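**Student:** Model the structure of this input:
(one chain, ligands or ions: 1)
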Amino acid sequence: MVNCNSILGPPGSGKGTQSPIIKDEYCLCHLATGDMLRAAVAAKTPLGIKAKEAMDKGELVSDDLVVGIIDEAMKKPSCKKGFILDGFPRTVGQAQKLDDMLEKQGVKIDKVLDFAIDDAVLEERITGRWIHPASGRTYHTKFAPPKVPGLDDVTGEPLVQRKDDTAAVLKSRLDAFHKQTQPVIDYYSEKGIVAKLHAEKPQKEVTDEVKKVLS
Ligand code: AP5
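**Tutor:** Numbers count the residues shown, from 1 in each chain. Alright, predicted model coming up:
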């Protein structure tokens, strides 16, 4: 049986922190549209060039571009057992296209994890985040500090901050979440597959909630 789940929540709600844990626990592949788009931007591919402007401004990239990369990614052999979609679908249009793609494979979304959290908590999470680009490992100056400030625990390589992790761009990202992604949560709620989690809790407690929902 193919296991398909999606995590939705505002920027900084913990989607990227919890997804690798779910991936390992349930042997699923982790498909994060944000990570895929950043890789395309860094490689200056035609897709990356088209996506960059919207991402820098904190706006959503067009549905067609994002659905195309997910469609490709889901065909990977590592996704045979199922996948965890991190930050996808983010518009009702994307959700409808995803339903069509999955229907062709005879599967459907099992659970949508709604990482509910107050906007007021998110600026501190976003502006304190540091990333190890090669592995995607994420740190936070206050909540998950590296052993040596500014360096990755495993490789000792420098950590970087994302270009869109500023208080100003966060405002646009939150606006996009409330206007375009909250309706996606409502869309799946009508299908009875949404589990609401308390994403403001400490990391370990959120992991426990996720495991309860998925097992
Ligand atoms: P994307 O990369 O998906 O960014 P996002 O949705 O804004 O989410 P983040 O990655 O910022 O947050 P997160 O929830 O993963 O938080 P994290 O776990 O790192 O998308 C970027 C852009 O790409 C979009 O703006 C858009 O332009 C484009 N895009 C992507 N997908 C798209 C789509 N489907 N359609 C159209 N456009 C798309 O945690 C944040 C920090 O908090 C970390 O430092 C972490 O250590 C810390 N933390 C995590 N959990 C906790 C906790 N429980 N307690 C305390 N601290 C915690």
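**Student:** and the lowest-mean-pLDDT helix or strand in the chain, what other elements does it pack with?
**Tutor:** Counting by mean pLDDT, DSSP states H and E, the weakest-scoring helix or strand in the chain turns out to be helix 15-26, with a mean of 90. Under the contact definition 3 or more CB pairs under 8 Å, 6 or more residues apart in numbering; DSSP states H and E, helix 15-26 sits against strand 3-8, strand 29-32, strand 82-86, helix 203-214. Glycine gets a C-beta too; all of them are placed from N, C-alpha and C.
**Student:** any chance of the ones you listed in CSV, with mean neighbour count and distance to the ligand too?
**Tutor:** Below are the helices and strands packed on helix 15-26 laid out as CSV (neighbours: other CB atoms under 10 Å; distance: least, CB to the nearest ligand atom, whole Å):
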stretch, mean neighbour count, distance to the ligand
strand 3-8, 23, 8
strand 29-32, 20, 6
strand 82-86, 24, 7
helix 203-214, 15, 4
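**Student:** Ser189: which of those is closest?
**Tutor:** Closest approach to Ser189 among those (CB to CB): strand 3-8, 11.1 Å.
**Student:** What parts of the protein come near the ligand?
**Tutor:** 9, 11-17, 33-34, 37, 54-55, 58-61, 66, 87-88, 90, 94, 125, 129, 138, 140, 143-144, 173, 202-203, 206 (CB under 6 Å from any ligand atom).
**Student:** contacting residues around the residue in the chain positioned nearest to the ligand?
**Tutor:** Taking CB to the nearest ligand atom as the measure, the point where the chain comes nearest the ligand is Gly34, at 2.0 Å. Gly34 makes contact with Gly16, Asp86, Gly87, according to CB atoms under 8 Å, 6 or more residues apart in numbering.
**Student:** with the residues you listed in mind, which one is nearest to Val121?
**Tutor:** Gly16 (15.9 Å).
**Student:** Do you have the strands of the protein handy? List them.
**Tutor:** Per DSSP state E, the chain carries strands over the ranges 3-8, 29-32, 82-86, 111-116, 129-132, 137-140, 194-198.
**Student:** between the least confident helix or strand of the chain and strand 194-198, how many degrees?
**Tutor:** Per axes from the mean of the first three to the mean of the last three CA atoms, to 10 degrees, the angle that helix 15-26 makes with strand 194-198 is 120 degrees.
**Student:** mind listing what's buried in helix 15-26?
**Tutor:** Of the residues in helix 15-26, Lys15, Gly16, Thr17, Gln18, Ser19, Pro20, Ile21, Ile22, Lys23, Tyr26 count as buried by neighbour count, 16 or more other CB atoms under 10 Å.
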